[in-house]
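Peer 1: Give me a model of this one.
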Amino acid sequence: MRTPESAMLAGLPTRVEIYEVGPRDGLQNESRILPTEMKAEFVRRLVSAGLSSVELTSFVSPKWVPQLADADELLALLGPLPGRHPVLVPNERGLERATACGVKEIAVFASASESFAQRNLNHSLSESLQLFAPVVSRALELGLKVRGYVSMCFGDPWEGDVPLAQVVDVVGAMAEMGCSELSLGDTIGVATPGRVVELLARLGARGLPPSRLAVHFHDTYGQALANTLVALQHGVATVDSSAGGLGGCPYAKSATGNLATEDLVWQLHGLGIETGVDLEVLCRTSLWMAQLLGRPSPSATVRAMASTLDLNDERGEATQ
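Peer 2: Predicted coordinates:
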């Protein structure tokens, strides 16, 4: 299998944490609902590929996200896993369900735009933040780590450009609640490198260093890798991505797939950055998932490697 030739650039981290969102953010947008056993196998294969941070599922009401209605069953089937494995919770009821399953870390989801808050959370932006506060507070009381997602950081399909000052205020509010890590979401994929640098600078001036930040880019306009590289050059060392480029956003139809984990790994390994990920095993996993979903993977790296991989080879398959 071909691997990228490594050539380092100055000013980059020596290691990047890849925060894999495929099992949650990826599968929640699929029209086909996979059996729980297949979801569990997907997670096992991702972990076997060396991904140490995998977001497993969401405890959102099945009415809104039927694809993830089996969250409790999935966690029971998986049991303990090595590494970091958060789940998304939308409210206190979701937190109760998650803690009953023994989770150690949760993620909460806010919006930087008023329109998306209304459509996704059925509350105003300020009201949605007030709703999250007791969830975060209770999670911290229980000794859980809390990750905060902020969506629409660069653009909104209804409002257009989102003012960066507004984004900084929302991210700052999430930090003040107690979120230890804050993921900046380019939900509709309209960010460009200069805008990313400007937002990071403004967050730094607000007292939020890159060590507390993650980036979550969508590749709608083909800018995800460029935006990721410039974020790394400015100190960010945690990047969200989705195996095979799965996902989008069920509440924003202009949001296409997430940055593919394989494309990210190819770039990082080419820069001499450690990830702990076995790219071949990961590509096999995404090809397997693409077969289950009945369509090709949107990942350029997966497509490029598909012809060189023997899918009947058992390497990369997780054990039951």
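
Peer 1: For this protein, which segments count as helices?
Peer 2: For the chain, applying DSSP state H gives helices covering 36-48, 71-78, 92-100, 114-116, 125-141, 164-177, 193-205, 224-233, 261-270, 279-293, 300-306.

Peer 1: Which of those comes out lowest on mean pLDDT?
Peer 2: Confidence, taken as mean pLDDT, is least for helix 114-116 of the helices of the chain (a mean of 79).

Peer 1: Show me what that helix is packed against.
Peer 2: In terms of contacts (3 or more CB pairs under 8 Å, 6 or more residues apart in numbering; DSSP states H and E), helix 114-116 is packed against no helix or strand at all. Glycine gets a C-beta too; all of them are placed from N, C-alpha and C.

Peer 1: Need the residues that contact it.
Peer 2: The contact list for helix 114-116 (CB atoms under 8 Å, 6 or more residues apart in numbering) reads 124-125, 151-152, 156-159, 187, 251-252.

Peer 1: Could you identify which of the residues you listed has the most neighbours?
Peer 2: Thr187 (32 neighbours; other CB atoms under 10 Å).

Peer 1: beta partners of the nearest residue to that residue once chain neighbours are set aside?
Peer 2: Leaving aside its sequence neighbours, Thr187 sits nearest to Ser151 (CB to CB, 6 or more residues apart in numbering; 4.6 Å). For Ser151, the beta-bridge partners under DSSP bridges are Ser111.

Peer 1: give the contact list for Ser151.
Peer 2: Ser151 neighbours (CB under 8 Å, 6+ apart): 109-113, 116, 120, 185, 187, 249.

Peer 1: next one: Asp186
Peer 2: Neighbours of Asp186 in contact, by CB under 8 Å, 6+ apart: 153-155, 215-218, 224, 227.

Peer 1: quick one on the thing from earlier: would you tell me which one of the helices of the chain is buried the most?
Peer 2: Burial of the helices of the chain is given as mean neighbour count (mean count of other CB atoms under 10 Å); helix 261-270 ranks first at a mean of 24.

Peer 1: contact partners of it?
Peer 2: 3-7, 16, 18, 20, 22, 51, 224-225, 228-229, 239, 241-245, 275, 277, 279, 282-283, 286, 299-302, 305.

Peer 1: related to what we said a few turns ago, any idea how far the residue nearest to Thr187 lies from Val162?
Peer 2: Ser151 is 10 Å from Val162, where distance means CB to CB, to the nearest Å.

Peer 1: Name the residues contacting each of those two.
Peer 2: 112-113.

Peer 1: Isn't Leu46 up against Ser53?
Peer 2: No. Between Leu46 and Ser53 no contact is recorded; they are 9.9 Å apart, counting by CB atoms under 8 Å.

Peer 1: Give the residues shared as contacts by those two.
Peer 2: Applying CB under 8 Å, 6+ apart, one finds that Leu46 and Ser53 are jointly contacted by Glu20.
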